[in-house]
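Enquirer: What follows is a predicted structure for the sequence shown.
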Amino acid sequence: SFVPVITIDGPSASGKGTVAQRVAAALGFHYLDSGALYRLTALAAERRGLRWRDELEVAQLAGDLDVVFDGAAVLLEGDNVTEAIRSETVGIGASIVAALPAVRSALLARQHAFAEVPGLVADGRDMGSVVFPDARLKVFLTASAEARAERRCKQLSAAGEQPDLAAITADLESRDERDRSRAVAPLQQWPDALLLDTTNMGIDEAVEQVLRWWKDVL
Ligand code: C5P
């Protein structure tokens, strides 16, 4: 059962999701947005009235999540939550539930199931380190904190929110700090990942670089 996997890990709002989707489309591969699973878990917990730090209850919820990925749409218990899971609050909740080891293990099998022929592009924080350690190509995609805060603001404006750059920068920093410092599956550039710094790079250029690397490893 050999399925080629490309992992793209990196901090929030680095553009890794867009790049990963474009690379997947170019190669005809499946795409896993692992952050969406943590976001869905946080949203589901909120809807059940659970606290994000209640490890056992939230882990059980994560294991039983009734989720459907339908193209670009995400359904939670049949309810379209595509936009709801993108809010800043849910992003913060995601990084809180993501620090709980039982939640991470509850989501492992679900992530592995995305690795199907002809291949998978997976984006997140621990795709290359924990979830798909045997991936053929591992990329660490990042950008300066400033560039990332500006990108997140643009995203939120496009989604009809009215973002405040200073507040977004502070959110990103605290979220990154939580992701880097947690004991389980911390965000970091592992030695076997290739660094792609997109601070001064457009999406097209980033996609082309990943596709060139992919050709090289084949
Ligand atoms: O990538 P995104 O911003 O959607 O991820 C939301 C949160 O989910 C991250 O801040 C991180 O805490 C968590 N996450 C994770 N591991 C992943 C993907 C996301 O811990 N593989």
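Expert: Yes, it's here. Numbers count the residues shown, from 1 in each chain.
Enquirer: do you know how far His30 is from the ligand?
Expert: For His30, the distance to the ligand equals 16 Å [C-beta to the nearest ligand atom, to the nearest Å]. In this view, the C-beta of every residue, glycine as well, is placed from N, C-alpha and C.
Enquirer: Give me the neighbour count for that residue.
Expert: For His30, the neighbour count with other C-beta atoms under 10 Å is 18.
Enquirer: do the same with the one 4 residues further on
Expert: Ser34 sits with 23 neighbouring residues when counted by other C-beta under 10 Å.
Enquirer: That one contacts Gln111, doesn't it?
Expert: Yes: judged on C-beta atoms under 8 Å, Ser34 makes contact with Gln111 at a distance of 5.8 Å.
Enquirer: intersection of neighbour lists for those two?
Expert: Common neighbours of Ser34 and Gln111, counting by C-beta atoms under 8 Å, 6 or more residues apart in numbering, are 122, 131.
Enquirer: Kindly report the residues of this structure close to the ligand.
Expert: With C-beta under 6 Å from any ligand atom as the criterion, the chain comes near the ligand at residues 12, 34-35, 38-39, 91, 94-95, 98, 124-127, 175, 179.
Enquirer: Go ahead and name everything in contact with the top helix by length along the chain.
Expert: Determined from DSSP state H, the single longest helix within the chain is helix 165-181. Here helix 165-181 makes contact (C-beta under 8 Å, 6+ apart) with 11-13, 88, 91-92, 95-96, 98-99, 125, 145-146, 148-150, 152-153, 156, 186-188.
Enquirer: what's the distance between Val184 and Leu107?
Expert: Distance of Val184 to Leu107, computed by C-beta to C-beta, to the nearest Å: 12 Å.
Enquirer: ok, now Asp123?
Expert: Counting by C-beta to C-beta, the gap from Asp123 to Leu107 is 14 Å.
Enquirer: all strands for this protein, in order.
Expert: In the chain, the segments counted as strands under DSSP state E are 5-9, 30-33, 67-70, 73-76, 79-80, 120-124, 137-142, 194-197.
Enquirer: can those go into a markdown table with extra columns for distance to Ala45?
Expert: Shown next, in a markdown table, are the strands of the chain (distance: least, C-beta to C-beta, whole Å):
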| stretch | distance to Ala45 |
| --- | --- |
| strand 5-9 | 24 |
| strand 30-33 | 19 |
| strand 67-70 | 14 |
| strand 73-76 | 11 |
| strand 79-80 | 15 |
| strand 120-124 | 19 |
| strand 137-142 | 28 |
| strand 194-197 | 33 |
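Enquirer: worst average pLDDT in those?
Expert: Here the lowest mean pLDDT among the strands of the chain goes to strand 67-70, at a mean of 93.
Enquirer: tell me which strands and helices that strand is in contact with?
Expert: helix 34-47, strand 73-76 (3 or more C-beta pairs under 8 Å, 6 or more residues apart in numbering; DSSP states H and E).
Enquirer: Name the stretch among these that sits most buried.
Expert: With neighbours taken as mean count of other C-beta atoms under 10 Å, those reach their highest mean count in helix 34-47, at a mean of 23.
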